[in-house]
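1. Mind looking at a prediction? Sequence and model below.
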Amino acid sequence: MSKHSNILEMRNISKRFPGGVVANNDVTIEVRQGEVHCLLGENGAGKSVLMSILYGLHHASDGEIFLRGEKVKIASPKEARNLRIGMVHQHFMLVPTLTVAQNVILGQYPAGTVLNMIPEVSQKLVELGRRFKLPVDPGALVMDLTVGEQQRVEIIKALYHGADLLIFDEPTAVLTPKEIAGFLDFVRHLRDEGITSIFITHKLDEVIAVADRITVLRDARKIGTVLAAETDPSELARMMVGRDVLMKLGDVRHDVGEVVVKINGLSANNSRGLEALSDVSFDVRAGEIVGIAGVSGNGQSELCLALTGLLESTSGSIQIDGEEIARLLPRGVAEKGVAHVPEDRHKLGVILPFSISENMVIHQFRKEPFSKMGRLLKKNISEYSRALTTEYRVRMRDTEQPIGDLSGGNQQKVVVARELARNPRFAVINQLTRGVDIGAIEFLLKKILEARNKGTAILLVSTELEELFAVCDRILVMSGGRIAGEFDGGRENLEEIGMLMATDVAS
Amino acid sequence: MRYAETIKSLGAPVLAIAIALAFGALLIEVAGFSSVEAYSEMWTGIFGSMRNFSEVLLKATPLILIGAGLAISFRSGVWNIGAEGQFYAGGMVAAVVALQMEGVNAWISIPVILIAASLAGAFWGGIAGFLRARYGASEIVTTIMLNYVAIILTSYLVTGPLMEAQGLFPQSDRFPQETQLPRILSGTRLNIGIYIAIIAAIVSWYIISQSRRGFSMRAVGASPDAARYAGINVNKNIIYSISYSGALAGLAASIELIGVTKRLFQTISPGYGFEGIAVALLANNNPLGAIFSGALFGALRSGAEIMQIGAGVPSVLIFIIQGLVIISVITLGTIRAYRKLRPED
Ligand SMILES: Nc1ncnc2c1ncn2[C@@H]1O[C@H](COP(=O)(O)OP(=O)(O)O)[C@@H](O)[C@H]1O
Ligand SMILES: [Mg+2]
């Protein structure tokens, strides 16, 4: 193949941040015209930084970029757009109070001319939508759109501006399983239309489903580029983490202990006042992991919030060791021995500007040895935090740096360490592995198993069935705010669980 | 390492002041005066004599108190714009109490006045805190409204119930001698208020950064949702933090009244409550920093008067320079935040 079939070559790219972090170390990638190229790697491997360099958000410390055969310097996203590069970020950059069409032309043209352009732009968006099988309503307000629809707007915006090299940074992290399937179809369609995509992810099944070629990064270095047709998930996983990935981590147990948690007829409303949880009843026993499977948005969030005192239930009871906790505030619930790894890490789980140490004690700072007579004992707090971060192998500079500096996986390790270190009676764990890389997923699941083996009753809520199969003793399927079925934790029930999840979505 | 960071955190304010003074010089020149002369007069006004310097500290006292209190409120995510009103509330109560202290030992009368005024300021701030906690009313709006209420109430008092016996001026009677705050430098008006202010700033620093209560307040300020998740009572901490800043504003008023003015009148504050916001911002909401930024603003204010007398430069130019200091601080802060987002080598 001649060199010119490469739309993009990034040669020997290095990126050193002030403070010594090396995010890319002599990375070279070649992307062929019209292919779907996956960039695979654990959290913190340097994928986003590499692509940010291509999009002009960061400047490489070393290395060269060749685009369509010509050497280019990309100083800003604007220059990248002029070079027909588009990027869809994980967090969208849309103005919620404007319409789709307004967002598309925002900041692109002189102010006076914009309003007259709207009909023309809308027309073109509809055409583009048809061509790329990406229907959008140009007149809809962005704030009324689902996350999946907003993502479409981001994509069509890039296409509208003529991009033929699209970068997707973990596009599926924010989507529901059904939306993911649609998205993968769409990426294939882009390829048919001659658009080149670079697709960042750390989910192996997605990679196998859409990629033509795959480049794996690990610890800022490139490990290799392989053809999708010639590889398999276990090889990719080995390249990513440098070793084999275990699938079934714990045995399914039936000889579990006494009932710790008794939930009876629990109902609750969501933030819009609609009933989201209807008459849910189940038990969790000591030393047992009960999984909750289901497509997101079927009452799982409300269940977890209600169980931990963050959402007032409308009826029903929750008993821990025979004591009613349904009316308690979060602090009272925590004092009954309930731990909570929340689904929304940035909003609830951590206080981003606080240090790792401070985050480690947000439930316990009122008590000795973390404070005494109203005074924080910072030395003890740091010591405690150092011990836990070492045990959980949190990758960081030191315990006093803001937790916001850490990658998602490392933040989650801090949250899980904090919650399990309290030796809870009952742990509510929602979306443990969201935004977390494979190596850390396995590590965290093992920690959950350890807690189980010590006798904690665990409720593990996840949209990833693999995660549930890896550790659960029992799996409940939730849909429409109800428990739709109960299964043994073995993988043999995969089909049936999947069916139950899917059929109820349709109905 | 701690020290290195402290010095680093001083860098931005110092640079901001330098930039502001440079622009200020330009303005003074444009206005047709000599900037060298103006600044040297100002320098004299600040450091020229013990007396001048004591005036600087006198002006700094309320600014340090208010700035330190607001720093805590801002760190707790409560945008208290009402220190001015809380100052007036404290002033009214200080006056009412002080006027009753004829013949009472100073060891009793002074603490009683200071405490009563602090409570009044805390109450005035607490109203806005309660409205935010209970009904979600924006404290920015309510504190501004409460400013007017307190200022107008003060006018009513000094033209009505508390008006001096002679009935000549809209001011209260002179407070009894027993209430005079002890002076610390003979021949000047400087009193122990400056010590109280510095101690209050240190206590505030301790509360926000070393205490359990401060941990809760900072958590509420950084992320109310996560604070609730952590079992922290968000509403309670909102009320505590705004009441605390109100208490320091009230305390500042009582020190100003029994230390300097000896009477209640309509304009006991030349805008200390608003300048305190700038003091807190320049200190990056660190109560210890408020000691320095309060002193700086006190110096600019005090130096401005001498500059006006000596060089004929209108003292309003100083307010422009103060404004420039704030704009520079905020600009530098924004640049730093931007750099953090996009660290380039
Ligand atoms: N702006 C930044 N400043 C300093 N370090 C950064 C910055 N952005 C990313 N990093 C670090 O660079 C490394 C790679 O990050 P990133 O490319 O985001 O990883 P990922 O592969 O998960 O996308 C991480 O260690 C991260 O902490
Ligand atoms: Mg990333």
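-> Yep, it's here. None of these values were measured; they are calculated from a predicted model. Ligands and ions are numbered 1, 2, ... in the order given.

2. For the rest of this, base every contact and every neighbour count on C-alpha atoms.
-> OK.

3. Please go through chain A and pick out the longest helix.
-> When chain A is parsed with DSSP state H, its longest helix is helix A:111-131.

4. what element comes up after it heading to the C-terminus?
-> helix A:147-160 (DSSP states H and E).

5. Quick one: distance of stretch B:91-106 to the chain centre.
-> Remark: stretch B:91-106 is offset 23 Å from the chain centroid, using C-alpha atoms, centre = their mean, to the nearest Å.

6. Now it: buried residues?
-> By neighbour count with 16 or more other C-alpha atoms under 10 Å in any protein chain shown, stretch B:91-106 contains the buried residues B:91-99, B:101, B:106.

7. wait, does the helix or strand where residue B:71 lies contact chain A?
-> Using DSSP H and E, the element containing residue B:71 is helix B:50-75. No. Shown here: helix B:50-75 not in contact with chain A (C-alpha under 8 Å from any C-alpha of the partner chain), separated by at least 11.6 Å.

8. Please measure how far the first residue of stretch A:431-438 sits from its last one.
-> 14 Å (C-alpha to C-alpha, to the nearest Å).

9. before we move on, what about stretch A:449-466?
-> Note: stretch A:449-466 ends 15 Å apart using C-alpha to C-alpha.

10. Now that stretch: buried residues?
-> By neighbour count on 16+ other C-alpha under 10 Å, the buried set for stretch A:449-466 is A:449, A:451-452, A:455-465.

11. remind me which residues of the stretch 201-345 of chain B are low pLDDT?
-> In the predicted model of the stretch 201-345 of chain B, residues B:333, B:336-345 satisfy pLDDT under 70.

12. Reformat the buried residues of stretch A:449-466 as CSV; add pLDDT, distance to residue A:103 and secondary structure.
-> Formatted as CSV, the buried residues of stretch A:449-466 follow (pLDDT from 0 to 100; distance: C-alpha to C-alpha, whole Å; DSSP: H, G, I helix; E, B strand; the rest coil):
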residue, pLDDT, distance to residue A:103, secondary structure
A:449, 94, 47, helix
A:451, 95, 48, helix
A:452, 94, 49, helix
A:455, 94, 52, coil
A:456, 96, 49, coil
A:457, 97, 48, strand
A:458, 97, 44, strand
A:459, 98, 41, strand
A:460, 97, 39, strand
A:461, 96, 36, strand
A:462, 90, 34, coil
A:463, 78, 31, coil
A:464, 77, 33, coil
A:465, 78, 36, helix
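
13. between those residues, which is closest to ligand 1?
-> Nearest to ligand 1 among the buried residues of stretch A:449-466 is residue A:464, at 19.5 Å by C-alpha to the nearest ligand atom.

14. where does the closest one sit relative to residue A:415, distance-wise?
-> When C-alpha to C-alpha is applied, the distance between residue A:464 and residue A:415 equals 19 Å.

15. again, but for residue A:115
-> Taking C-alpha to C-alpha, one finds residue A:115 at 48 Å from residue A:415.

16. higher neighbour count, those two?
-> Applying other C-alpha atoms under 10 Å in any protein chain shown to residue A:115 and residue A:415 shows that residue A:415 carries more neighbours, namely 22 against 10.

17. surely that one meets residue A:349?
-> Yes. Residue A:415 is within contact range of residue A:349, at 6.6 Å (criterion: C-alpha atoms under 8 Å).

18. about what we covered before: in helices only, show me the buried residues of stretch B:91-106.
-> Per DSSP H, the subset of the buried residues of stretch B:91-106 in helices is B:91-98, B:106.

19. Touching, residue A:424 and residue A:337? I think so.
-> Yes. Counting by C-alpha under 8 Å, residue A:424 does reach residue A:337; the two are 4.8 Å apart.

20. Comparing these two, which shows the higher neighbour count?
-> A direct count of neighbours by other C-alpha under 10 Å for residue A:424 and residue A:337 places residue A:424 higher, at 22 against 15.

21. mind listing what the more buried one touches?
-> For residue A:424, the contacting residues are A:337-339, A:456, by C-alpha atoms under 8 Å, 6 or more residues apart in numbering or on different chains.

22. related to what we said a few turns ago, tell me which residues of the longest helix of chain A are tucked away?
-> Neighbour counts over helix A:111-131 (16+ other C-alpha under 10 Å) mark A:118, A:121-122, A:125-126, A:128-129 as buried.

23. Stretch B:197-208 now?
-> Buried positions in stretch B:197-208, judged by neighbour count with 16+ other C-alpha under 10 Å: B:197-198, B:200-202, B:204-205, B:207-208.

24. Same check on stretch A:23-43?
-> By neighbour count on 16+ other C-alpha under 10 Å, the buried set for stretch A:23-43 is A:23-25, A:27-43.

25. mind listing which of these are in strands?
-> If you go by DSSP state E, those have A:23-25, A:27-32, A:36-40 in strands.

26. what does the stretch 101-250 of chain B have sitting close to chain A?
-> Proximity of the stretch 101-250 of chain B to chain A, by C-alpha under 8 Å from any C-alpha, involves residues B:210-213, B:219, B:222-223, B:225-232.

27. Which of those ranks first by neighbour count?
-> Neighbour counts for these, by other C-alpha under 10 Å, peak at residue B:219, which reaches 30 neighbours.

28. There's contact between it and residue B:225 in this structure, I believe.
-> No. Judged on C-alpha under 8 Å, residue B:219 makes no contact with residue B:225 at a distance of 9.2 Å.

29. tell me the phi and psi of residue A:8?
-> phi -140, psi 140 (degrees, to the nearest 10).

30. before we move on, the earlier item: pLDDT on the helix holding residue B:71, on average?
-> Throughout helix B:50-75, pLDDT has a mean value of 96.

31. Residue A:354 against residue A:403, yeah?
-> Yes. Contact criterion C-alpha under 8 Å: residue A:354 and residue A:403 qualify, at 6.3 Å.

32. Apart from its neighbours in sequence, what residue is nearest residue A:40?
-> Using C-alpha to C-alpha, 6 or more residues apart in numbering or on different chains and skipping residues adjacent in sequence, the residue nearest residue A:40 is residue A:216, 4.7 Å away.
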